[in-house]
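>>> coords please:
(4 chains)
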Amino acid sequence: MNPVNYLYLAALLFTIGAAGVLIRRNAIVVFMCIELMLNACNLAFVVFARMHGNLDGQIIAFFTMVVAAAEVVVGLAIIVSIFRTRHTASVDDASLMKL
Amino acid sequence: MENLIALLVAAPLVGAALLLCGGKRLDRAGHWIGTLLAVASFAVAAVLFADMLGKAAGHRALHQHLFSWIPVGGFRADVAFQLDQLSMTFVLLITGVGSLIHIYSIGYMEHDERRRRFFGYLNLFLAAMLLLVLADNYLLLYVGWEGVGLASYLLIGFWQHKPSAATAAKKAFLVNRVGDIGLSIAIMVMFTTFGTFAFGPVLAATGDTGEGRLTAIGLMLLLAACGKSAQVPLQSWLGDAMEGPTPVSALIHAATMVTAGVYLITRSGAIFNAAPTAQLAVVVVGAVTLLFGAIVGCAKDDIKKALAGSTMSQIGYMILAAGLGPIGYAFAIMHLVTHGFFKAGLFLGAGSVMHGMNDEVDMRRYGGLRSYMPITFVTFGLGYLAIIGFPGLSGFFSKDKIIEAAFAKGGAEGWILGAAALLGAAITAFYMTRVMLMTFFGEKRWNPAEVHPHESPKSMTIPMIVLAVGSVFAGGLFSIDDAFVTWLEPVTSFAHGNSPVSATAVTAATIVVLLAGVGVAWLKYGRKPVPVAAPRGSVLTRAARRDLLQDDFNHIVFVRGGEQLTRTLVQLDHSLVDGAVNGTAASMGGLSGLLRRLQTGFVRSYAVQMLGGAAVLVAATLLMRSV
Amino acid sequence: MTGLAAAASTTSLGEAVQFWILGTVAVIGALCTILMKRAVHSALSLAGTMIVLAVFYLANGAYFLGVVQIVVYTGAIMMLFLFVVMLVGVTAADSLKETLKGQRWLAAGLGLGFGILLIAGIGNASLRHFDGLGQANAGGNVQGLAALIFTKYVFAFEATGALLITAAVGAMVLTHRERTERATSQRERSQARVRAGKQVPPLPAPGVYARHNAVDIPGLLPDGTPSELTVNPTLRARGQIRDVSGEALTGVKELERRSEDWLERDSGPRSSSAAPGPAAPKEEAKK
Amino acid sequence: MSFPLLTVTAAVPAVGAIATAALPAARRTAAKWLALLFSLATLALALLIAFRFRPGATGPYQLTESHTWIPDFGVRYELGVDGIAVALIALTALLIPFVILAGWHDADVLEDTRPNRRWRPTQGFFALILAVEAMVVISFEATDVFLFYLFFEAMLIPMYFLIGGFGDRAGGHGEEEAAAQRSRAAVKFLLYNLAGGLIMLAAVIGLYAVTADQLGTGTFSLQQIVEARAAGKLDIATGTERLLFLGFFFAFAVKAPLWPLHTWLPGAMGESTAPVAVLITAVVDKVGTFAMLRFCLQLFPQASSWATPVILVLALISVLYGALLAVAQRDIKRLIAYASISHFGFIVLGIFAMTSQGQSGATLYMVNHGISTAALMLVAGFLISRRGSRLIADYGGVQKVAPILAGTFLVGGLATLSLPGLAPFVSEFLVLVGTFSRYPAIGVIATVAIVLAALYVLVLYQRTMTGPVRDEVRAMPDLRVRELVVVAPLIALLIFLGVYPKPLTDLVNPAVGHTLSVVDKKDPQPAVQVDAVPGGDRRGPAVRDQDVEAAK
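Residues are numbered from 1 along each chain as shown, chains lettered A, B, ... in the order given. Below you'll find the model as predicted:
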């Protein structure tokens, strides 16, 4: 088979993740979906690295992971503090943007 | 010598400033200050007059240039005075009669707590009127012209708590403003035509100018004159102006201000001479007005209104004469002066009568007053004889000359105008006799319990006597070998009209119609008693009581129409002009209201929008690459 | 080793088989992530997907990343998720009932369209030829990465370091609650209670007539309705209140009826008022 | 370089604004006096400018200052004044002290409101007034289009707060309703002017683009552009020039305001307090007409003369329209507002008549209208504050109880109807003559307005002041000393400038001449050449001489 299928897979995962972000209301799950999307991208990068025969793609994937880690830490912290104050983890309840 | 000219204007101006800004502390001395300054101005006038008489006829004109007023490009207006024989005549009349009326007012206004302000206004009027006749260019004349308008506005509305007075004042000012349009447009045309509007150059340059422009100027000046001198069709304000205190009516609305139109036309003689069309318009206006005023005068029962009507018609005579050109100017001015005397006298007499009758003005409630106020009766009587043109009194000389000149216009016009003038004389005789009879003769129609007729104080009678003397002898003096005409000739240029009918014939005719008028009046009011309640009267009478319906016409056409117009305009402004703006605003609001729906505040709906945007971008890139 | 990801535009059969099997697993895992009702299950299935991805990394010659994926991602980050889920409430399931109008359809439609677009993009991109990481990984994958990171990407690397520090501090700041005011003593609290006037005595204990006694069972009011007051607020917040079993209520009603007969009273209102009892906790859990 | 007089003149009120705003809430009276002090200082500086200014000197602008500001866009900090600017700066600096004095109690804290440390309306009111003054002054001085635009727009901010924040307590329907109407008026004012400003901004950028395209380096400097155009280096394509002209003119027409863009004025003037209304109509709006004269005409001569007919008709419409609507108003302030619309029509008429009389007249008109409207509006404000109502129908017979108030009101009114002897007459007649000499028909029609003016003024006076005394006004006090101090100087000035406007005309004429030369227009010559035309001031003595020798 042609390694390009990996890319199709990545696209598929990415789309699923995106749909999850849109559908789920639990902030944590939404977060997981974002992670899923990031991973999909990483897969794509790795495959591109293999395609071009240099490691830059892997480097990018690596950085993505690092940043993702940081982002998860902060994001989860935010979720926790929100939960503390509002006793809910639903993103719909944090709808103060409109007022 | 010429430096004195400014003094003429300055004296009353200072008086006005003092009295109007002086405040209450001047209340007790105010009227004396005012009178003093008026008399002072008269004294200066007398000095200048004596000096002028000392000079040769050709070189009597004095000129004083004070300062350059509005210098812009080719537009140069100066504050400069010019005192020639014409101005001199007016100055003497104004300051003389003015001083007398100041004195008269001291008594007349004695019980008015705002007497100080009254004298302030009187002084203001004197200053403005003198400015008017002394100005050496039309723009400065315009200033005086409006100034007298303002003074008359203030004085007509002096008793402001009376709504009628306030309305009358407003009306007078507005109608005058209509006339002012004429004056200002005339000045504009002059500026564009000659590049200047000073008397000297303009009148000198009329020769080499297209007649069209001159006609335009002439007609516009005539419009101005109509406004100021209450000529048809702008005469309607004069009757109401009688709301003002009687001295005001005597000074402003009989002797001086209303004759400013005559001055204007005479002053601009050169223009009119070169524009026959305009001249024709002038005579027509004059003739119509003299009849109009006379007819109105016949119907009024209010003594002042009757006199106002007569003023109108007498000024009609003057305008007519002025419209006749060089053959008439001198006589116009002459009649103006004599009229100044006797009409002022008549008004003061009327004032004296009202003073004695608790300010009753309805002649039907007078009667048999001659024994109660003899001096008033005599002076009023002399004035009466003068105005109807009783042979030997001033009115006779001046009016007779005008009728002559009217015939001398020649051709059909001459006959028509002459006839009109004669008819006018007859009617004048009629209504003045009516006034005389209803006031001083016949039985008492007033209730002795309420009113106690009495002679007025010295301060009022003396001016009346002086004026009576004037109205007896002035005409005669002027006519001694045409002294007056020769005096004015250098300014107004005099030409002997060749009348189709001989002077004696005209005089005879005048006397005949005069007697006829008096006779009719005696039959109607002298022989049988006058009813206190006014009879219904003929259609003409009823129309004349309403100023020949001219007021109603104005009301319907201008007042109603104007209100309608403004109301609709307000509607349009709100709905159309402003509506467009508000409509735009509203539509914007609606649009944003729609867009607002997108902002649900839910993160996930924003996320959907983001994904949509991303999808669009991807699609776009793909399309780009495929293209 | 280098056989994997050799310079070829086709892969070995083994890799193909592996791809098809594990790929399916990954997709299923992803779907489970977004479809599972409870957060824990989503987390677990996501972890599965990530492990599969790790394998794919290895298969694509990214040995280092594969390991990191397992260690860091699956090992650390997902565990972090699980902790938070635990913190927020394991059993706190959010109903999949959509509240936003048309959101689900929009999401599905857009997701589908987006996916199709992506796939189409990949499809008509010329990605036929693969160089493979043969010589790139010649000196060893980790060494290669290190060379790049510490030379070409050193600044980015430093920046990410700073980012990580900041993130750690930020997380602490966000989650750490500063005790601004002195802890109120018991005396003060009692005084405050008295001052407030409502609920002066201590809160009622949970448990119903000692039938079965547990902290998550609300005590019953005399009329048989369970009182929320009796359950620990935290449990209430998580909705982990076990509802009073039906027969207990019926028993209580029985008791009351008998006592009322004995006292000759009618029990119309009470029985009706007892009805909402079981429903109450559920609603509380919704919030 | 020499002492930056212009900058300082603009800076003093700005500093004053900051200082006044900084005062603590308790020091209300101090704030008032401080503001008054600064405004007087500005007045002194303005007079200094007027004295330092040499009307005859060569070059259009004097006391110039020029520094590079944003070199990348060729924006320079360029100041300079010509006669017109000097006159208007003097007017502004003159009016502000009176505005402050007249508004002495307008921003006082209501008795019933609870004390609040942060809430400082008084300081805000006077600070905003000074801020407006500073911006107006600098936009009169700016000879750099961008600089001008900046302050032309910035002016809106303080004005917005002045209109929306401070109303006279004469709403009629209670304070709530009044406040609502106020803010509506303020928003309308803001949006209207912003719209104009944005269109102008587009035109400004367009101008920059054109200059950058043709001169190599883009510039906003008015003088550079004019000179380049004169030298033939810059010649804007007809279409472009017209578009740019319209962009500028629209903004100025909104500000002026010209029919049909006038509808914001009555609201703004009606709802705001009298001093603020004076600020709007007598000071801020003048920037619009001034800018027409300085920027529209000088930057786009051809386009100006292309648009002249339309603009003249619009001006004529607003002359008559404003007067007619004024006649129909029931609210004193709105009446004055519509009267102002009519007067602004005259100003625009004079500017675009393109004759020296017209433009000098227009400039004089700006000054005189400022003074006369200030007099009338402030007295009206005193009247309204006494009775607590803006409706004409609520008054009557005031003249009997408060004669001085009535007298000053009448004088203000007479000035508004431009009675000869008072300042506005000079300017109005000049405008009329200037218009007539090139466009007779328009001149004649415009003359009708003098009757309408008399109508609305006299009707107003009659309804409010004369007639039987109404009970509501029976206890009305006459003008207080502070109010007299405000009104008397204005009236004195009206009379002085009416009798002896020469200083003003001497100041203005050269500037107008320069403008006309830029626009390349000449006064139409009279049909008949009269030998004695060269002026009274020379003819007078001549005649006198000949008389003297005649007398010998």
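>>> what bits of the chain have low per-residue confidence?
Picked chain A for this. Along chain A, segments meeting pLDDT under 70 span A:97-99.
>>> you looked at the wrong chain, it should be chain B
Filtered on pLDDT under 70, chain B yields the residue ranges B:627.
>>> in stretch D:33-46, what counts as buried?
Of the residues in stretch D:33-46, D:34-36, D:38-43, D:45-46 count as buried by neighbour count, 16 or more other Cβ atoms under 10 Å in any protein chain shown. To be clear about C-beta, it is placed using only N, CA and C from the backbone, and glycine gets the same treatment.
>>> in CSV, list the C-alpha atoms belonging to stretch A:10-25.
The C-alpha trace of stretch A:10-25 is given here as CSV (Å, rounded to 0.1, in the frame of the first residue of the first chain):
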residue,chain,number,x,y,z
ALA,A,10,-4.8,11.6,9.9
ALA,A,11,-7.4,13.6,8.1
LEU,A,12,-10.1,11.2,9.3
LEU,A,13,-8.9,11.5,12.9
PHE,A,14,-8.7,15.2,12.7
THR,A,15,-12.2,15.5,11.4
ILE,A,16,-13.5,13.2,14.1
GLY,A,17,-11.8,15.3,16.7
ALA,A,18,-13.2,18.5,15.2
ALA,A,19,-16.7,17.0,15.2
GLY,A,20,-16.2,16.0,18.8
VAL,A,21,-15.2,19.5,19.8
LEU,A,22,-18.4,20.7,18.3
ILE,A,23,-20.7,18.1,19.7
ARG,A,24,-19.6,17.4,23.2
ARG,A,25,-20.4,19.8,26.1
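>>> for residue D:257, see how far away the closest residue to chain A within the stretch 51-200 of chain D is.
Residue nearest to chain A within the stretch 51-200 of chain D: residue D:183 (21.3 Å; Cβ to the nearest Cβ). Separation of residue D:183 from residue D:257 (Cβ to Cβ, to the nearest Å): 20 Å.
>>> neighbour-wise, which of the two wins?
residue D:257 (30 against 16; other Cβ atoms under 10 Å in any protein chain shown).
>>> excluding chain neighbours, what is closest to that one?
Computed as Cβ to Cβ, 6 or more residues apart in numbering or on different chains, the closest residue to residue D:257 that is not its neighbour in sequence is residue D:265, at 5.2 Å.
>>> is it correct that that neighbour is in contact with residue D:340?
Yes: Residue D:265 is within contact range of residue D:340, at 6.8 Å (criterion: Cβ atoms under 8 Å).
>>> and the buried residues of stretch D:33-46, which of them are in helices?
D:34-36, D:38-43, D:45-46 (DSSP state H).
>>> before we move on, back to that, and of the buried residues of stretch D:33-46, the nearest to chain B?
Set against chain B, the nearest of these by Cβ to the nearest Cβ is residue D:46 (23.4 Å).
>>> residue B:63 and residue B:82 touch, don't they?
Yes: under the criterion of Cβ under 8 Å, residue B:63 makes contact with residue B:82 at 5.3 Å.
>>> and these two? Which one has more around it.
Higher neighbour count among residue B:63 and residue B:82: residue B:82, with 25 against 22, using other Cβ under 10 Å.
>>> who's in contact with the more buried one?
Applying Cβ atoms under 8 Å, 6 or more residues apart in numbering or on different chains, we find residue B:82 in contact with B:61-64, B:134-136, B:199-200.
>>> at 7 Å instead, please
Residue B:82 makes contact with B:61, B:63, B:134, B:136, B:199 under the criterion Cβ atoms under 7 Å, 6 or more residues apart in numbering or on different chains.
>>> that one: what secondary structure?
strand (DSSP: H, G, I helix; E, B strand; the rest coil).
>>> enumerate every residue touching residue 39.
Here I'm looking at chain A. Per Cβ under 7 Å, 6+ apart, neighbours of residue A:39: A:13, C:50, C:53.
>>> um, chain C though
Applying Cβ under 7 Å, 6+ apart to residue C:39 gives the contacts A:26, A:28-29, C:85.
>>> could you check how far it is from chain B?
16 Å (Cβ to the nearest Cβ, to the nearest Å).
>>> quick one: which of the contacts of residue A:39 is nearest chain D?
Of all the contacts of residue A:39, chain D sits closest to residue A:13, with 48.3 Å by Cβ to the nearest Cβ.
>>> check which helix or strand covers the closest residue to that closest one other than its chain neighbours.
Take residue A:13 and drop its neighbours on the chain: the residue closest to it by Cβ to Cβ, 6+ apart is residue A:40, 3.8 Å away. Element membership for residue A:40 (DSSP states H and E) is helix A:27-52.
>>> quick check: the residue nearest to residue A:13 touching residue A:15?
No: Residue A:40 is beyond contact range of residue A:15, at 8.4 Å (criterion: Cβ atoms under 7 Å).
>>> list the residues that contact both of residue B:63 and residue B:82?
Shared contacts of residue B:63 and residue B:82 (Cβ under 7 Å, 6+ apart): residue B:136.
>>> is the longest helix that chain A contains in proximity to chain B?
Using DSSP H, we find that the single longest helix of chain A is helix A:56-86. No: using Cβ under 7 Å from any Cβ of the partner chain, helix A:56-86 never reaches chain B; the gap is at least 11.8 Å.
>>> and that helix, how far from the chain's centre?
9 Å (Cα atoms, centre = their mean, to the nearest Å).
>>> could you check how far the closest residue to residue C:199 other than its chain neighbours is from residue C:200?
Leaving aside its chain neighbours, residue C:199 sits nearest to residue C:193 (6.8 Å; criterion: Cβ to Cβ, 6+ apart). Distance, residue C:193 to residue C:200, by Cβ to Cβ: 6 Å.
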